[in-house]
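In: the following comprises the amino acid sequence and a computationally predicted model.
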Amino acid sequence: MHADLTRRTFDPALGFRSVVMQQGRVLLDAEWNEQAEIAAHHDQARAADIIGPAGGPASPDGGPGPFALVDLATGQPPSGQPWDQLGVVPGHYYVDGVLAEAQPHSSNREGAWQLREQPFLATAGGTPGLAEPGPSGRYAAWLYVFDHLVTPDDRPELLESALGGPDTANRAQTVWQVRVEAMDGGESCSEAVAKQMPLRPLMTAMLEDSVAAANACDIATGGGYQLLENQLYRVEVHDIQNGTGRFLWSRENGSVVAGLTAMETAAGVTTLIIDRSGRDEQLSIHAGDLIEVTSTDLRLRREPGHLAIVNAVVNELALQVTWSTGTPPSMADIGRAPIVRRWDGGPDGAGPFPLGPAPQALEGGVTVRFSVQAGDAQVGDYWLIPARTVRLAYGVKALAGTLEWPRDGAGRPLELPPTGPDYHRAPLGVLENAGGVWRMLDDCRKLFPPLTSLASIDLVGGDGQEGPAGAELDEPVRVVVRKGGLPVVGELVQFTAAGGTLREAGTLATIASPGVVKTGPDGVAAVRWTLNAAGPTTQTLTVQRLDGTGNPTDVAVVATARISRDVGSTRTPGMHITGVFVAGRDLLNDSRVFPHEFEEGIQVDLDDAILPESVIGKPVGRLLIEVPFPMPQTGAFPAWPTIKQSFGTHRVEINGFFEVKENIIFWRPSQGVNGGIAELLKGIFDTVIGWRDQGIIDDSAIPILMRFQLDGWAILSSDQSLRLNTHVISFNDNGQTLYQLPTDDDVTGGVFDTWFWLELG
C-alpha cells in the first residue's frame, strides 16, 4: 500500500488479539492499522478453518453458482463459444478465507462479467483486461484475490467536502480477478488444485558497516542509519526485463503522488498537468526527481507505469519531463485514475535497479540485496523497511540509527518474502481452446449450501434385510432428516421402490411408489416394504428429501433388500393379492358396504400375470351373503322357548362370473339377477328389517354379513409356475379387524376370505 504510514506493525506470528489503547498516550496510524489487520486476520482464519482452502455458497435456485464460467448468451458452461462470449457469474467465493465478492453486471440475465473485461481487470492502453490466450490447448482458470489500496485519486468521494476536502484515511479493497494459465497435457482440476502458488523472491535489508579511517587522526564513517528523519522505505519491483526484475525505492512508501489531469506535448517537450502540489517542500515533486505515470488499471493489471525524469516544474502544477521507459500514447491509454508518483530511485537517481544478490545502497546507510533463486518476481511486489534515527529499549534511547528488520538468533538480518501484495488463488475450472472455440472440461469450484439449508438425510434402519418373496420385510426402512444434528419435523421425504409395494409405517395405508411421507417429531420418516416376488433377488428403495415445491433436493440415499432363497424350506413362493377394490375404493375387511357399490363387481389385483383358463368359467371364488335361518316362508319353526324364531344364518352365494385382464381378476354380478345386484341386496336388506320389526329376529342380524372368497390353490400364474398364496396378517384398529396386503407365502394356495357388512346408503 502506497499510503503515508509510519510503519506496518502487524505480525500474525505474535498472536495478538487486539490493540489496547491507554489514556493520555499518542495514537499513531500504526496502532489503528494493526487493529484493523488483527480483526481481518481473525476473520480470514476463521473462514478458512470452516470453509477450507476455497469454496462458495451454492445457488439455492439451482443456478450456476458464484464465479461459474459460463456462456454469456445461455448461462450454461461454455460448449464451443468464442472468447468474447465467455463470462464469470457474480456472487461470493472464499479463497484462503478471503471473501471475493463480485457484484452483478447489468448486461445479461446472469449478471455475469466478460472474462476479457472484468471490474478489476479492465481494458487499458487498448489491451483487453484478459486477452485471449493464443495457442490452442488446455487452460486452468484461476480466481486471484488480493488487497488494493484505494485513495481519493481512485474514489474522490473519500474526501469530505464539508471540511474542504482534506486527505484523511484511505481504504483497503479486496480485488478479485479471473486469469487463465496454460496447463501441461491432460491435467484436470485435481492437478490444478495441487499446484502451489509460485514462489516469490526474498530480500534482505541491512545497514552498512562503519568504515575504518585510513589515518588514525581522521574520524571514521559511522555505521547504522545515518539520516535525521524517520522514514518508511519502500522497495518495489517495477518491471521484468529479460527475466530479471528491476526495482524502485521511496523513502515515503511511495506516498508522494498527485493526480494527472492532462498530458501535453509541444516541440518535443512533454508537460504533465497535475492537480496539486505537495503538503510541504519535502513532500513535493521537484526538478530532477524520478516519477512514474501509472493508474488504477495498470496497477491492477500488474503492469509497470511509465518512468520519466522531471526537467522543470512550472507553476507547481506543470511538470516538464523526459521519458525514460517509453512514452504513453495518450491519457485514455493510461487507464482509470491516472497519477504521478515520485520515487527516490537510487544513489544516482536513475533507477530502477536489478534484483540481484549483490548489496545495493539506497541512502543513509540502508542497503538491500535479493535472493532471486527463491522465486520469480512480479510487478508490484514490495517490501517495507522502517528506518529510525534512534532505537528505544524500554525507555532508554540508543543514539545509533536502526532499521526495524527481523533478525535471526545470531543477529543477522533475515531474508523475507515481499510484504505484499498478498495473493490468494483457487482454480475455477479447466477450459479447452480449439482454434478460438472454447469449452468447459471441468468445474473446479467447491460449493456448499448455506447453514440454514444444511440438512442431511441418513438411513437409520431397515437396510440390508432379507425376506421371502411377496412378504413384508420384518423392519421398516427408516431415514432421519437433520440440520446440524437437530431433527427436522414435517420434512417431505420421497420413497421410490424399484419393485414391490410400500405402506407408511404405523398405518395400514398402502402408498404409491414414489410416495411421500413426512418426518415425525424425531425427524424420522419410515415405510414398510414388501419386495416384488417377480423382481430380482436384490431390490432397492431410493429415499430423497423434497423441497417446498416437491422437487428432489440433496443426494438420495438407497436401501437394499434381498429375496430369501432358502433351499431347505418347504415354503413355495407364489402370486400375491396386492389390493381388493369395490366401486373404485379399497374393500377393507370388517367395513360397511352399500348395495349400489356392487354394481360393477369386485376387483382383485395380483403381483403377477394370471392364466385366464384357471379362472374364467371356474368356481374359484364367490360372493356370499348370510341371511337369517330359517326364513318365515320355509314353514313352521321348532319350539325354542328362550330365543327368537330365527336362530341362525344361511350362507347364500350370489350368482356371478369372473373376468381376467393380465394381473387383475374381476368378479362380475350375473346379468340374470332380477333388477340388478343393487336391487337384490336392497330387497334382502328390506326383508330382514321387516322381520326385525315383526319380532321374528333381533337386531343382531343387522347389518347383514357378506363375504368374498378366492380359492388360491386353483388360480395359476400365466406360466403355471405359481399359485395364488392367500395368507394375510391382521390388525385391530379401533375395533375393526383389518388385514395387511399383499398376501404372503406362509400359506401356498389356501382360501382368501374377507368379510364386510351390508348397509343401506
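Out: Yep, that arrived.
In: so residue 10 touches residue 34, yeah?
Out: Yes. Proximity of residue 10 to residue 34 meets the contact threshold set by CB atoms under 8 Å, at 4.7 Å. All C-beta atoms are positioned from the backbone trio N, CA, C, and that covers glycine.
In: pick out whichever of these two has more residues nearby.
Out: residue 34 (19 against 16; other CB atoms under 10 Å).
In: thinking again about what came up before, quickly list what's touching both of residue 10 and residue 34.
Out: Shared contacts of residue 10 and residue 34, defined by CB atoms under 8 Å, 6 or more residues apart in numbering, comprise residue 16.
In: pull out the buried positions in stretch 619-627.
Out: Buried positions in stretch 619-627, judged by neighbour count with 16 or more other CB atoms under 10 Å: 620, 621, 622, 623, 625, 626, 627.
In: from the chain's centroid, how far away is it?
Out: 63 Å (CA atoms, centre = their mean, to the nearest Å).
In: quick one, helices of the chain?
Out: 29-51, 189-194, 296-300, 331-334, 676-694 (DSSP state H).
In: by contact count, what packs against the last one?
Out: If I follow you right, that is helix 676-694. strand 621-629, strand 704-711, strand 751-758 (3 or more CB pairs under 8 Å, 6 or more residues apart in numbering; DSSP states H and E).
In: between these, which one is closest to residue 489.
Out: strand 751-758 (37.0 Å; CB to CB).
In: quick one: mean pLDDT for the closest one?
Out: In this model, strand 751-758 carries a mean pLDDT of 93.
In: kindly export it (C-alpha atoms) in CSV.
Out: C-alpha atoms of strand 751-758 as CSV (Å, rounded to 0.1, in the frame of the first residue of the first chain):
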residue,chain,number,x,y,z
VAL,A,751,-58.5,-69.6,0.5
PHE,A,752,-58.6,-65.8,0.7
ASP,A,753,-61.6,-64.8,2.8
THR,A,754,-62.6,-61.2,3.6
TRP,A,755,-65.9,-60.2,5.3
PHE,A,756,-67.8,-56.9,5.3
TRP,A,757,-71.3,-55.6,6.4
LEU,A,758,-74.2,-54.7,4.1
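In: which parts of it are buried?
Out: Of the residues in strand 751-758, those buried (16+ other CB under 10 Å) are 752, 754, 756, 758.
In: what's the answer for stretch 542-557, then?
Out: For stretch 542-557, by 16+ other CB under 10 Å, it's 542, 543, 544, 545, 546, 553, 554, 557.
In: in CSV, list those residues along with pLDDT and distance to residue 362.
Out: Below are these laid out as CSV (pLDDT from 0 to 100; distance: CB to CB, whole Å):
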residue, pLDDT, distance to residue 362
542, 95, 71
543, 96, 70
544, 95, 67
545, 93, 65
546, 90, 68
553, 81, 62
554, 79, 61
557, 95, 66
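In: how far does stretch 512-532 sit from its chain's centre?
Out: 28 Å.
In: any low-confidence regions in the stretch 301-450 of the chain?
Out: Applying pLDDT under 70 to the stretch 301-450 of the chain flags the ranges 326, 346-350, 372-375, 391-400.
In: now do the strands in it.
Out: Applying DSSP state E, counting those that start in this stretch to the stretch 301-450 of the chain gives strands spanning 306-314, 318-323, 339-343, 353-354, 360-361, 366-371, 382-388, 391-393, 396-398, 402-403, 424-434, 437-443, 447-448.
In: quick one, strands of the stretch 101-250 of the chain?
Out: Using DSSP E, counting those that start in this stretch, strands in the stretch 101-250 of the chain cover 113-114, 137-150, 171-182, 202-207, 231-241, 244-250.
In: again with the stretch 501-650 of the chain
Out: With DSSP E, counting those that start in this stretch as the criterion, the stretch 501-650 of the chain has strands spanning 501-504, 510-511, 515-518, 524-530, 538-546, 552-563, 575-582, 585-586, 591-593, 602-606, 621-629, 648-654.
In: now tabulate these in TSV and tack on distance to residue 154.
Out: Listed next are these as TSV, based on distance: least, CB to CB, whole Å:
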stretch	distance to residue 154
strand 501-504	64
strand 510-511	64
strand 515-518	56
strand 524-530	56
strand 538-546	48
strand 552-563	44
strand 575-582	74
strand 585-586	75
strand 591-593	81
strand 602-606	76
strand 621-629	90
strand 648-654	95
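In: of all those strands, which lies closest to residue 307?
Out: Nearest of the strands of the stretch 501-650 of the chain to residue 307, taken as CB to CB: strand 552-563 at 57.8 Å.
In: how near is residue 715 to residue 743?
Out: 12 Å (CB to CB, to the nearest Å).
In: could you do residue 385 as well?
Out: 89 Å.
In: before we move on, what about residue 95?
Out: For residue 95, the distance to residue 743 equals 62 Å [CB to CB].
In: any stretches of the protein with poor pLDDT?
Out: Applying pLDDT under 70 to the chain picks out residues 108-109, 210-223, 326, 346-350, 372-375, 391-400, 565-571, 631-646, 671-675, 761.
In: check the offset of stretch 85-103 from the chain's centre.
Out: Averaging C-alpha positions (CA atoms, centre = their mean) puts stretch 85-103 13 Å from its chain's average.
In: before we move on, what about stretch 67-87?
Out: Worked out by CA atoms, centre = their mean, stretch 67-87 lies 20 Å from the chain centre.
In: likewise for stretch 603-615?
Out: Centre to centre, stretch against its chain (CA atoms, centre = their mean), the figure for stretch 603-615 is 51 Å.
In: what about it, start to end distance?
Out: 13 Å (CA to CA, to the nearest Å).
In: could I get the buried residue list for that stretch?
Out: Neighbour-count burial for stretch 603-615 [16+ other CB under 10 Å]: 603, 604, 605, 606, 607, 608, 609, 610, 612, 614, 615.
In: if we can go back for a sec, closest to residue 414 out of the strands of the stretch 501-650 of the chain?
Out: Closest approach to residue 414 among the strands of the stretch 501-650 of the chain (CB to CB): strand 552-563, 49.7 Å.
In: keeping just the C-alphas, turn that closest one into CSV.
Out: The C-alpha coordinates for strand 552-563 follow below in CSV (Å, rounded to 0.1, in the frame of the first residue of the first chain):
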residue,chain,number,x,y,z
PRO,A,552,-35.9,-33.6,-5.1
THR,A,553,-33.0,-32.0,-3.3
ASP,A,554,-29.7,-33.2,-1.8
VAL,A,555,-28.2,-36.6,-2.6
ALA,A,556,-30.6,-39.6,-2.4
VAL,A,557,-29.9,-42.5,0.0
VAL,A,558,-30.6,-46.1,-1.1
ALA,A,559,-31.7,-49.1,1.0
THR,A,560,-31.3,-52.6,-0.4
ALA,A,561,-33.1,-55.9,0.5
ARG,A,562,-32.9,-59.4,-0.8
ILE,A,563,-35.4,-62.1,-1.5
